[in-house]
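*Asks:* Quick check, what structure comes out for this input:
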Amino acid sequence: MTPDFLWLHLKEVPAFRALLRGVEARFYQGLEMPAPILDLGCGDGHFASLAFPGKALVGLDPGWKALREAAARRAYRWVVQAEGARLPFPSGFFGTVISNSVLEHIPDVEAVLQEVARVLRPGGYFLFCSPSHRFVEFLSVYRLFRRMGLRWAAEAYGRFFNRISRHYHCDAPEIWAARLERTGLRPLCWWFYFSRGATALLEWGHPYGLPSLLYKTLFGRWILAPWRWSLWPVERVLRPFYEEPPGAEGAYFFMIARRPDGR
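*Replies:* Residues are numbered from 1 along each chain as shown. Okay, here's the model as predicted:
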């Protein structure tokens, strides 16, 4: 039985993050993920501890603060501080590399993809997700400005939201597929997720999540009252969007690639 990833996230992280990460956590269930596994850009390890508990050998991130949280959470056997473009591992070491909503934040992403291809063994898998080329046009304020005929305001808002989200790349899966192929990786499949309604909740969840940031700073926890009775109104709003199946379009996409085994 698949865990209720929405609730597992909602009781520990802000609502907009719980919705997005809850949806993404479901995608890993049942996927082939040969060991050893590298979580590239692991952050605080919270996502891995829920989506694939006990499976990832190494969590890697450039930020020491996040890695300290990941180590305390015991989501990995080892945590490693390093840049994605300079992975401190031998070639062909990993059976699977996972990078969940990370690559869009890296300016020189092709250098990272080259390293992923190097450390994957032949036949190994690369699993990742990223905002798609539809991300900005799915934002509610962007759509409102476009309906009002204020194209310049819509484009300015899109640039603003990408800037506060630290997005360097919001590209179509075909563009990512071409990047992967240049490194020797073979894209196998991808799918879109996150509808316009889900994206609007993510969008407006940022300002409404500011109190959680204060709680995290003062108390070391995002959520102070992680109980059903206190969170059920939010859960009720999020649940239909969490249960949406992948669609023909979406603000995000999930991709599975493989390093050819040469046979």
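*Asks:* Give the buried residues for stretch 239-254.
*Replies:* By neighbour count on 16 or more other Cβ atoms under 10 Å, the buried set for stretch 239-254 is 239, 241-242, 246, 249-254. In this view, the C-beta of every residue, glycine as well, is placed from N, C-alpha and C.
*Asks:* Of those residues, which belong to helices?
*Replies:* Judged by DSSP state H, the buried residues of stretch 239-254 include 239, 241-242 as members of helices.
*Asks:* closest to Ala153 among the residues you listed?
*Replies:* The closest of those to Ala153 turns out to be Phe241 (Cβ to Cβ; 26.4 Å).
*Asks:* For Leu6, see how far away that closest one is.
*Replies:* Separation of Phe241 from Leu6 (Cβ to Cβ, to the nearest Å): 9 Å.
*Asks:* what residues are shared contacts of those two?
*Replies:* Leu19 (Cβ atoms under 8 Å, 6 or more residues apart in numbering).
*Asks:* burial of Leu67, as a residue count?
*Replies:* By other Cβ atoms under 10 Å, the residues close to Leu67 number 21.
*Asks:* Next SSE downstream of the host helix or strand of it?
*Replies:* Using DSSP states H and E, Leu67 falls within helix 64-73. Next along the chain after helix 64-73, taking DSSP H and E as the criterion, comes strand 78-81.
*Asks:* who touches the following helix or strand past that next one?
*Replies:* Next along the chain after strand 78-81, taking DSSP H and E as the criterion, comes strand 94-100. Defining contact as Cβ under 8 Å, 6+ apart, one finds that strand 94-100 is touched by 21, 24, 28, 33-41, 47-48, 51-52, 56-57, 84, 116, 119-121, 123-129.
*Asks:* Pull out the buried residues from strand 94-100.
*Replies:* Buried residues in strand 94-100, counting neighbours by 16+ other Cβ under 10 Å, are found at 94-100.
*Asks:* which one among these gets closest to Pro88?
*Replies:* Phe94 (12.4 Å).
*Asks:* Any idea what the closest one is bridged to?
*Replies:* Beta-bridge pairing for Phe94 (DSSP bridges): Leu120.
*Asks:* Just want to check the distance between it and Gly124.
*Replies:* As judged by Cβ to Cβ, Phe94 and Gly124 stand 6 Å apart.
*Asks:* just for the stretch 151-263 of the chain, where's the confidence low?
*Replies:* Within the stretch 151-263 of the chain, the segments meeting pLDDT under 70 span 262-263.
*Asks:* If we use 90, what do you get?
*Replies:* Along the stretch 151-263 of the chain, segments meeting pLDDT under 90 span 205-222, 224-225, 261-263.
*Asks:* Can you show me the strands along it?
*Replies:* For the stretch 151-263 of the chain, the strands defined by DSSP state E, counting those that start in this stretch occupy 186-193, 252-258.
*Asks:* Neighbouring strands - and their directions - for the shortest one?
*Replies:* Think strand 252-258. As defined by DSSP bridges, the strand partners of strand 252-258 come to strand 120-131 (antiparallel), strand 186-193 (antiparallel).
*Asks:* Of the ones you listed, which stretch is the most buried?
*Replies:* strand 120-131 (a mean of 21; mean count of other Cβ atoms under 10 Å).
*Asks:* the inter-axis angle of it versus strand 94-100?
*Replies:* Interaxial angle, strand 120-131 versus strand 94-100 (axes from the mean of the first three to the mean of the last three Cα atoms, to 10 degrees): 10 degrees.
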